[in-house]
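K.L.:
My questions are about this predicted structure, shown below with the sequence.
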Amino acid sequence: MILRSTTPVSGSLASKAAIVACIVLMAVAMPISLGTTVFATNYDARIDAARRQANTNAATAEEIGRMADSLQAELNAIEAQKRAIQAQIVQSEERRDGFIRDIKASEKKIAENKVALGDTITSMYVDSGTSTLEMIASSKTIGDFVDRQAQQTSIQNKLNDTIDTINKLKKQLQDQKQSVERELLNQTSQREQLASKEAEQATLVAETRGQEDKYRQRAQENNAQVDRLVAAQAEENRRAAAAAATAAGGGMSGSVPAGVAGGGGYPGQWANAPLNAYVDPWGLYSRQCVSYTAWKVHSTGRFVPHFGGMGNANQWPSTVAKYGISSGSTPKAGSVAMMPIGYYGHTMYVESVSADGSTITVSDYNLEWDGLYRTYSRTSAGLTYIYF
């Protein structure tokens, strides 16, 4: 199956490759000889419809995914606001607790000063019970008497002033405490509102992600349907080709057909037949990117193994590794470049590499779902190279 990506592309052929993963399903039967073939075309409309539906569902999933990302960003902003409000609440609570401590300290000071004032008043009361004549007599000098009177009055006035000052401070602290408590009420209300909004937004994000997953699942089901249809079509074509070959006296050698070459030298009998009409000697469907690259390597005299149902483009590195064929990230002329794009990936034959290794010239088939040959230059980055 070939899967079309929803990634935006530019006008160049190399960038267009980013939206196509042209890999085929593996044949379950042995390779066949290529004689006169009766091709079944009744599958084409169903395959095309399933592919279009897969692309539609994938595009819908992408759009819903972008919506979910936007909703998640809003949720993140709400959570940040909630954290900020919580930090403000903590600060306000600390200020309120500080005012409470200061008020208690002020009350303690007031109480202590009231005790001192009471002692002074008591002393003055005792002194008032003594006649002026007696007070003078008990004083060493007249000045001493005057000093005693002045000192008691001064102490009384000072204590009264201190108590008044502390009372004013206490009142100020109480007002500030009430102000902070009003702030706390407002902040707590904001936090509760944000918490409610956060819960609603989280639910919306979850529902949107669920819709995204649903459409992705539908796209996968469409792609699975395409897989089944392509496999059924190819099997029908294989049987028809085998029957035609038998009727014509041909065998089932599984060899590469001779004759007029198609695009890039690919056998014309494959290149001119409908897409997926044949299964090549390596177990790959004709006019697909993997069939072309397998043939291209084979045409240079190098060994290409039968892929035995593991020939998706993105499976090539692991499949050929079983035969001692290595892979790497360094581009080399004559290697097969595998682009891990879409569900299946895409293979290209590396015709040449620029001097600095940044650009490669490649050839391939079925880049744009049309089964056609192309050659073009593109960046060498982001590819896995298979060294046959």
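P.N.:
Okay, I see it.
K.L.:
which residue packs closest to Gln211, ignoring adjacent ones?
P.N.:
Ile64 (5.2 Å; Cβ to Cβ, 6 or more residues apart in numbering). C-beta here means a position set from N, CA and C on the backbone, and glycine is covered the same way.
K.L.:
what about stretch 316-332, start to end distance?
P.N.:
One end of stretch 316-332 to the other measures 17 Å (Cα to Cα, to the nearest Å).
K.L.:
Any buried residues in that stretch, and which?
P.N.:
For stretch 316-332, the buried set under the neighbour-count rule, 16 or more other Cβ atoms under 10 Å, comprises 316-317, 319-320, 325, 327, 331-332.
K.L.:
Equivalent analysis for stretch 370-380, please.
P.N.:
Within stretch 370-380, the residues scored as buried using 16+ other Cβ under 10 Å are 371, 373-374, 376, 378, 380.
K.L.:
Would you reformat the residues you listed as CSV and include pLDDT?
P.N.:
Listed next are those as CSV, based on pLDDT from 0 to 100:
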residue, pLDDT
Gly371, 93
Tyr373, 97
Arg374, 97
Tyr376, 98
Arg378, 98
Ser380, 98
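K.L.:
tell me which strands and helices the host helix or strand of Ser291 is in contact with?
P.N.:
Counting by DSSP states H and E, the element that carries Ser291 is helix 289-299. Here helix 289-299 touches strand 336-339, strand 346-353, strand 359-365, going by 3 or more Cβ pairs under 8 Å, 6 or more residues apart in numbering; DSSP states H and E.
K.L.:
Show residues contacting that helix.
P.N.:
For helix 289-299, contacts defined as Cβ atoms under 8 Å, 6 or more residues apart in numbering pick out 22-24, 256, 264-267, 270, 280, 282, 284-285, 304, 307, 311-313, 316, 334, 336, 346-349, 363-367, 373, 388.
K.L.:
of those, buried ones?
P.N.:
Applying 16+ other Cβ under 10 Å to these, the neighbour count classes 22-24, 256, 264, 266-267, 270, 280, 282, 284-285, 304, 307, 311-313, 316, 334, 336, 346-349, 363-367, 373, 388 as buried.
K.L.:
Out of the residues you listed, list just those in helices.
P.N.:
Judged by DSSP state H, those include 270, 316 as members of helices.
K.L.:
Give me the residue at the spatial middle of the chain.
P.N.:
The chain has Asp69 as the residue nearest its centroid, 8.3 Å off, counting by Cα atoms, centre = their mean.
K.L.:
if I've got this straight, it is in a helix?
P.N.:
Yes. Under DSSP: H, G, I helix; E, B strand; the rest coil, Asp69 sits within a helix.
K.L.:
can you pull the contacts of it?
P.N.:
So Asp69 contacts nothing (Cβ under 8 Å, 6+ apart).
K.L.:
what do you get for the one 4 residues further on?
P.N.:
Contacts of Ala73 were listed using Cβ under 8 Å, 6+ apart, and none were found.
K.L.:
just for the stretch 201-350 of the chain, where's the confidence low?
P.N.:
Low-confidence segments of the stretch 201-350 of the chain (pLDDT under 70): 234, 237-254.
K.L.:
let's go with 80 and repeat that
P.N.:
Scanning the stretch 201-350 of the chain for pLDDT under 80 picks out 230-231, 233-254.
K.L.:
Restricted to helices, list the buried residues of stretch 316-332.
P.N.:
If you go by DSSP H, the buried residues of stretch 316-332 have 316-317, 319-320 in helices.
K.L.:
Could I get the full set of strands for the protein?
P.N.:
2-4, 20-22, 326-328, 336-339, 346-353, 359-365, 373-379, 384-387 (DSSP state E).
K.L.:
In its sheet, which strands sit next to the third one, and in what direction?
P.N.:
Using DSSP bridges, the neighbouring strands of strand 326-328 in the sheet come out as strand 384-387 (antiparallel).
K.L.:
and the strand it pairs with, which residues are buried?
P.N.:
Buried residues in strand 384-387 (16+ other Cβ under 10 Å): 384-386.
K.L.:
Turn the buried residues of stretch 370-380 into TSV, columns for distance to Gln225.
P.N.:
Output for the buried residues of stretch 370-380, formatted as TSV (distance: Cβ to Cβ, whole Å):
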residue	distance to Gln225
Gly371	20
Tyr373	28
Arg374	28
Tyr376	32
Arg378	32
Ser380	36
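K.L.:
Between the residues you listed, which sits nearest Thr300?
P.N.:
Tyr373 (17.0 Å; Cβ to Cβ).
K.L.:
Which residues are in contact with that closest one?
P.N.:
So Tyr373 contacts 262-264, 266, 271, 292, 363-365 (Cβ under 8 Å, 6+ apart).
K.L.:
Mind doing that once more with 6 Å?
P.N.:
By Cβ atoms under 6 Å, 6 or more residues apart in numbering, the residues touching Tyr373 are 263-264, 365.
K.L.:
Next, find the distance separating the closest residue to it other than its chain neighbours from Gly65.
P.N.:
Nearest in space to Tyr373, with sequence neighbours left out and distances taken as Cβ to Cβ, 6+ apart, is Gly263 at 2.7 Å. Note on Gly263: its distance to Gly65, by Cβ to Cβ, to the nearest Å, is 37 Å.
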